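A.B. asks: Sequence and predicted structure are below.
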Amino acid sequence: MGTTTIQVEDPTKELLNELKKSFNSKTYDEVINTLARKKTKSMYGKLAKGKKISAKEMMKGLRDKNDRF
């Protein structure tokens, strides 16, 4: 298999380093594949950041200047 180079910001690289250690991965490719294959039941928990809030409250800050989501 071939390889390629991708550009990421410094904070992203630091996060990848942390994830690499926590996943006990040998390569960044393993980290990215682990994250990409991780199943999430719902994005609600991601948007609510683990807090118990109503869907209406969560969506409140997601509208643009034209009142669209």
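C.D. replies: That came through, no problem.

A.B. asks: mind listing what residue 34 touches?
C.D. replies: Residue 34 makes contact with 19, 23, 25, according to CB atoms under 8 Å, 6 or more residues apart in numbering. Placement of C-beta: from N, CA and C, glycine included.

A.B. asks: For it, give me the pLDDT.
C.D. replies: pLDDT recorded at residue 34 is 91.

A.B. asks: Ramachandran angles for it?
C.D. replies: phi -60, psi -50 (degrees, to the nearest 10).

A.B. asks: Can you convert the contacts of residue 34 into a markdown table and add a column each for pLDDT, secondary structure and neighbour count?
C.D. replies: A markdown table is the format used below for the contacts of residue 34 (pLDDT from 0 to 100; DSSP: H, G, I helix; E, B strand; the rest coil; neighbours: other CB atoms under 10 Å):
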| residue | pLDDT | secondary structure | neighbour count |
| --- | --- | --- | --- |
| 19 | 92 | helix | 16 |
| 23 | 92 | coil | 13 |
| 25 | 95 | coil | 16 |
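
A.B. asks: Out of the residues you listed, which is nearest to residue 4?
C.D. replies: Nearest to residue 4 among the contacts of residue 34 is residue 25, at 18.0 Å by CB to CB.

A.B. asks: my guess is that closest one contacts residue 32, does it?
C.D. replies: No: counting by CB atoms under 8 Å, residue 25 stays clear of residue 32, with 9.3 Å between them.

A.B. asks: related to what we said a few turns ago, what's the closest of the contacts of residue 34 to residue 54?
C.D. replies: Of the contacts of residue 34, the one sitting nearest to residue 54 (CB to CB) turns out to be residue 19, at 31.2 Å.

A.B. asks: Look up the closest residue to the closest one, ignoring the ones flanking it.
C.D. replies: Setting aside the residues directly before and after it, residue 19 is nearest to residue 31 in space (CB to CB, 6 or more residues apart in numbering), at 4.9 Å.

A.B. asks: Give me the pLDDT for the one you found.
C.D. replies: Looking at residue 31, its pLDDT reads 93.

A.B. asks: can you check residue 24 too?
C.D. replies: Reported pLDDT for residue 24: 95.
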